[in-house]
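next comes the sequence, and after it the predicted model I'd like to discuss.
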Amino acid sequence: MTAIDPTAHLTAEQIEELGRELDAIRDEVIASRGEKDAAYIRKVISAQRKLELVSRGVLLFSFFPPAWLIGTAGLSVAKIMDNMEIGHNILHGQWDWMRDPKIHSTTWEWDHVSPSEQWKHSHNELHHTYTNVIGKDNDLGYGIMRVDEDQRWHPFHLGQPLWNFINACFFEYGIAAYDLELGRNLSKRRRKNPEFRARAKAVGRKIRKQVLKDYVIHPLLSGPSFLTTLAATFTANLVRNIWSHSVIMCGHFPEGVQVFERRSIKGETRGQWYLRQMMGSANISGSRAMHFMTGNLSHQIEHHLFPDLPSNRYAEVAVKVRALFEKYELEYVTGPLPKQVFSAWRKVFRLSLPNKKPKVKTPNRDQELVAA
Amino acid sequence: MTSTALRSRAWKLLEMVTTPLLPSDYLDLVSPLRAGADLRGRIEAVHPETGDAATIVIRPGRGWRGHTAGQYVRIGVDVDGRRLWRAYSLTSPTNRQDGRLTITVKAIPDGKVSNHLVRSAKPGTLIQLDQATGDFVLPEAKPAKVLYLTAGSGITPVMGMLRDVEFDDAVMVHCAPQPQDVIFRNELHDMVADKKLRLTEVHTDTDGMLDMARLDELVPDWAERETWACGPAGLLDAAERLWSEHGVQERLHTERFRPGIVVAGDGGEVTFSATGKTVDADGATPLLDVGEEAGVLMPSGCRMGICFGCVTPLKAGAVRDLRTGEITEAEPGVLIQTCVSAAAGPCDIER
């Protein structure tokens, strides 16, 4: 939260007009969804499965170092594709319109220790509805970090660069714990809650299956390559975790991204909701390959405005969205991956220490209400 | 251990290898028509029959259990990327040598699937299949005398029968606007030439609709014949009336094609079929609110259409997307977001 509200120059009418213009962009894509889009997601899914099969096949011979390298690289990419362009987006319902029960948000399960069902709740429902609202959106620092001056400092935050690094390495477990709201639910009373126990059990089942597959079955199938396959799968999971953590950090943590106060979203209009998504997200610029490997979350701003539009359409939507940012004189936070990752990490380090000076409260309450 | 038990053990192991996917997800990549797969078919050819009808030759998956002449099959076809399901009569004989099956489709105005199949379906395309079903079939004992009373694409299930069984005495009365609209016309006339069939064509553009009173003149012994009738509702209603007036209704077998005609209105009676509640809803209130108001336990999430936490099957009727105005009609497997959908006429929500 900055002392200066970057949306203060907009009138209420302008904000609603902005909302209508964004609705029009959305309607246009919805009306033109069709065969090409369906072919796209099917192609990606089929390519991912083939890549995973081939990579696992190559790893059967991973005692031979070049095979290890190729297999590990292939498996890493396959896991990234599964989580990012395929899983994340299908679970958002982006492909539900196809009415294919095999590519549907209600049936999809991903290569991740957090069960789809739980992730959909914490991500689609909580994070996407309450984006960057302190106290409502736990994605702000995942409950273990302080990522904005307005969050209260605690000595625990001194270690947050380390927490963040560990979280990056074991990101899928971090997400599973986060979806379970583990921190809050570990109190004696809450632990006994049957609803929580059922969810914890589901996570346990998923972890068991994932671990068994990656660290027991596939290494065993490799016979003499047992250890090298084990190392390869561990590496692939590590690569996937660090990659997705980095991409996701770039979505809301870089400098320039706004956060909002709880009271600021009371009675929020559609236009104000859109505006909050615009100011609360950041993009990554880069090549088509880059967008693909991030699951098009490099178009985080567009994704937050329209979380249910097919990911392959974000690139064309981005051009129009960016034009609206310019028209309404708003800052479109974007940059290449290294720059954005650096910016996010710098914030993690900076905010591990208490604020240098007490924040000056803006006297104008109306402004705060709009953008907080 | 029995071989079945062994196989199920092996399958369990394979599931551990492929988790969170299933072994079939990988097998589908290479062999979508194999035994044990979800039933699918591959379009192998599309043969035009008339200006607006075509026969689709389909190679069914190994799980296909065959059909009885006169039955229909539901197929799921992707049109503009969206899977739509329709039922079509099987027109192939049951003992077709190459194991293929055929359906014959007439493109109806604004029919998404029928127009797609007749005009743009490509050989090689995979479609979804259900097993054949329907009781518009011949009895096991061949009747001595039969009558087929058909109109338009109502001829398709009957053609399945004619190609399958030879009768000693078969008569057909078929209605179509003009001679060139008669599907299978050449084949029918070949049957006539071979004395396998007596055929009366009624060309409704010139002769007008078939008047049931004319049946005495066209087929004097119609009341003695085992009759199969298929066509528009008007024809079937008239036939049913005539047959019961003469007390021979047990000899009449009818098949009604029910194109799900949904008239999308503004609001309507909403049934929550799992709970058994029915309430009136206007065209502006989200079905999520309607359900909650009625005390139905509704899944919910963001309440603004973004989280897909409230999706629920739409069993019947139509709903309107409150954001785009788009109408969604009930079809098997169709789920709607209740937080941004309102009743567009009477509908049935599975909650």
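Ah, there it is.

grab the nearest non-local neighbour of the residue of the stretch 1-150 of chain B found nearest chain A.
Residue of the stretch 1-150 of chain B nearest chain A, by CB to the nearest CB: B:Gly81 (3.2 Å). Where C-beta positions appear, they are placed from N, C-alpha and C, glycine not excepted. Excluding its sequence neighbours, the residue lying closest to B:Gly81 (CB to CB, 6 or more residues apart in numbering or on different chains) is A:Ala38, at 3.2 Å.

helices or strands up against the strand or helix carrying the one you found?
Per DSSP states H and E, A:Ala38 falls inside helix A:35-59. Judged by 3 or more CB pairs under 8 Å, 6 or more residues apart in numbering or on different chains; DSSP states H and E, helix A:35-59 is in contact with helix A:65-81, helix A:226-252, helix B:23-30.

go again using 7 Å as the cut-off
Helices and strands touching helix A:35-59, as assessed by 3 or more CB pairs under 7 Å, 6 or more residues apart in numbering or on different chains; DSSP states H and E, comprise helix A:65-81, helix B:23-30.

return the per-residue confidence for residue 195.
I'll assume chain A. On pLDDT, A:Glu195 comes in at 91.

actually it's chain B I care about, not the one you picked
pLDDT, B:Lys195: 94.

low-confidence bits of the stretch 51-200 of chain A, can you list those?
Across the stretch 51-200 of chain A, nothing is flagged by pLDDT under 70.

what's the closest non-adjacent residue to the residue most central in space within chain A?
When CA atoms, centre = their mean is applied to chain A, the residue found nearest the centroid is A:Ile248 (4.4 Å). Excluding its sequence neighbours, the residue lying closest to A:Ile248 (CB to CB, 6+ apart) is A:Leu297, at 7.0 Å.

my guess is the one you found contacts A:Met249. True?
No. A:Leu297 is beyond contact range of A:Met249, at 10.7 Å (criterion: CB atoms under 7 Å).

give me the common contacts of these two.
Between them, A:Leu297 and A:Met249 share no contacting residue under CB atoms under 7 Å, 6 or more residues apart in numbering or on different chains.

so which of the two has more stuff around it?
Each of A:Leu297 and A:Met249 has its neighbours counted (other CB atoms under 10 Å in any protein chain shown); A:Leu297 has more, 25 against 22.

contacts only, for that one.
With CB under 7 Å, 6+ apart, A:Leu297 has these contacts: A:Met84, A:Val247, A:Ile248, A:Gly251, A:His303.

show me which of the residues you listed is closest to chain B.
Using CB to the nearest CB, A:His303 comes nearest to chain B of the contacts of A:Leu297, at 10.7 Å.

check which helix or strand that closest one maps to.
Here A:His303 is assigned to helix A:300-305, by DSSP H and E.

what residue of chain A is the furthest out?
Distance to centre of chain A, CA atoms, centre = their mean, peaks at A:Pro224 (38.0 Å).

next, count neighbours for the residue nearest to that one when sequence neighbours are not counted.
Leaving aside its sequence neighbours, A:Pro224 sits nearest to A:Phe63 (CB to CB, 6+ apart; 5.8 Å). A:Phe63 has 16 neighbours, counted by other CB under 10 Å.

A:Phe63 and chain B, how far apart?
Separation of A:Phe63 from chain B (CB to the nearest CB, to the nearest Å) stands at 20 Å.

let's verify that residue: helix, strand, or coil?
coil (DSSP: H, G, I helix; E, B strand; the rest coil).

low-confidence stretches in the stretch 51-200 of chain B?
Ranges of the stretch 51-200 of chain B meeting pLDDT under 70: none found.

residues touching the residue in the stretch 251-372 of chain A positioned nearest to chain B, list them.
Nearest residue of the stretch 251-372 of chain A to chain B (CB to the nearest CB) works out as A:Pro307 at 5.1 Å. A:Pro307 is in contact with A:His92, A:His128, B:Ile306, counting by CB under 7 Å, 6+ apart.

list the ones among the residues you listed that fall in strands.
Secondary structure from DSSP state E places none of the contacts of A:Pro307 in strands.

so which of these are in helices?
A:His128 (DSSP state H).

which of the contacts of A:Pro307 are buried, as a ChimeraX select command?
For the buried members of these, the matching ChimeraX selection, counting by 16 or more other CB atoms under 10 Å in any protein chain shown, is:
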select /A:92,128 /B:306
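
do you know how far B:Ser89 is from B:Val173?
In this view, B:Ser89 and B:Val173 are 18 Å apart by CB to CB, to the nearest Å.

of those two, which one has the most company?
Neighbour tally, B:Ser89 and B:Val173, criterion other CB under 10 Å: the higher count belongs to B:Ser89, 29 against 22.

how about the helices in the stretch 151-300 of chain A?
Using DSSP state H, counting those that start in this stretch, the helices of the stretch 151-300 of chain A run over A:160-169, A:171-179, A:182-185, A:188-191, A:194-212, A:218-221, A:226-252, A:270-279, A:288-293, A:300-305.

need the residues of chain B near chain A, please.
Neighbours of chain A within chain B, by CB under 7 Å from any CB of the partner chain: B:16-17, B:19-20, B:25-26, B:29, B:78, B:80-83, B:301-302, B:304, B:306-309, B:311, B:324, B:333-335.

so B:Asn95: helix, strand or coil?
Recorded secondary structure, B:Asn95: coil (three-state DSSP).

tell me the contacts of the closest residue in space to it that isn't next to it in sequence?
Nearest non-adjacent residue to B:Asn95, counting by CB to CB, 6+ apart: B:Asp164, 7.6 Å away. By CB under 7 Å, 6+ apart, B:Asp164 lies in contact with B:Ala69, B:Pro93, B:Thr94.

tell me how far B:Asp164 lies from chain A.
For B:Asp164 relative to chain A (CB to the nearest CB), the value is 34 Å.

picking that back up, and for the residue of the stretch 1-150 of chain B closest to chain A, the neighbour number?
21.

got it, and B:His116?
18.

I'd like the distance between A:Asn83 and chain B.
From A:Asn83 to chain B the distance is 11 Å (CB to the nearest CB).

just confirm that residue is within a strand.
No. A:Asn83 sits outside any strand when classified using three-state DSSP, being helix.

show me where pLDDT drops low in the stretch 201-350 of chain B?
For the stretch 201-350 of chain B (pLDDT under 70), the answer is B:258-263.

contacts only, for the residue in the stretch 201-350 of chain A that chain B sits nearest to.
As assessed by CB to the nearest CB, chain B sits closest to A:Lys209 within the stretch 201-350 of chain A, at 4.6 Å. Going by CB under 7 Å, 6+ apart, A:Lys209 touches B:Thr19.

what distance do you get for it to A:Glu52?
A:Lys209 is 16 Å from A:Glu52, by CB to CB.

might you enumerate the residues of chain A proximal to chain B?
A:27, A:30, A:33-35, A:37-38, A:46, A:49-50, A:53, A:92-93, A:96-101, A:105-106, A:109-111, A:120-121, A:124-125, A:128-129, A:209, A:212-213, A:217, A:307-308.

buried residues in stretch B:229-242, which are they?
B:Ala229, B:Cys230, B:Gly231, B:Leu235, B:Leu236, B:Ala238, B:Ala239, B:Leu242.

touching that stretch from outside, list them.
Contacting residues not belonging to stretch B:229-242 are listed as B:136, B:149-152, B:154, B:157-158, B:175, B:210, B:212, B:249, B:252, B:254-256 [CB under 7 Å, 6+ apart].

run the chain-centre distance for it.
Between the centre of stretch B:229-242 and the centre of its chain there are 19 Å (CA atoms, centre = their mean, to the nearest Å).

distance check, the residue lying closest to A:Tyr142 once chain neighbours are set aside against chain B.
Setting aside the residues directly before and after it, A:Tyr142 is nearest to A:Tyr178 in space (CB to CB, 6+ apart), at 5.4 Å. Remark: distance between A:Tyr178 and chain B (CB to the nearest CB) = 17 Å.
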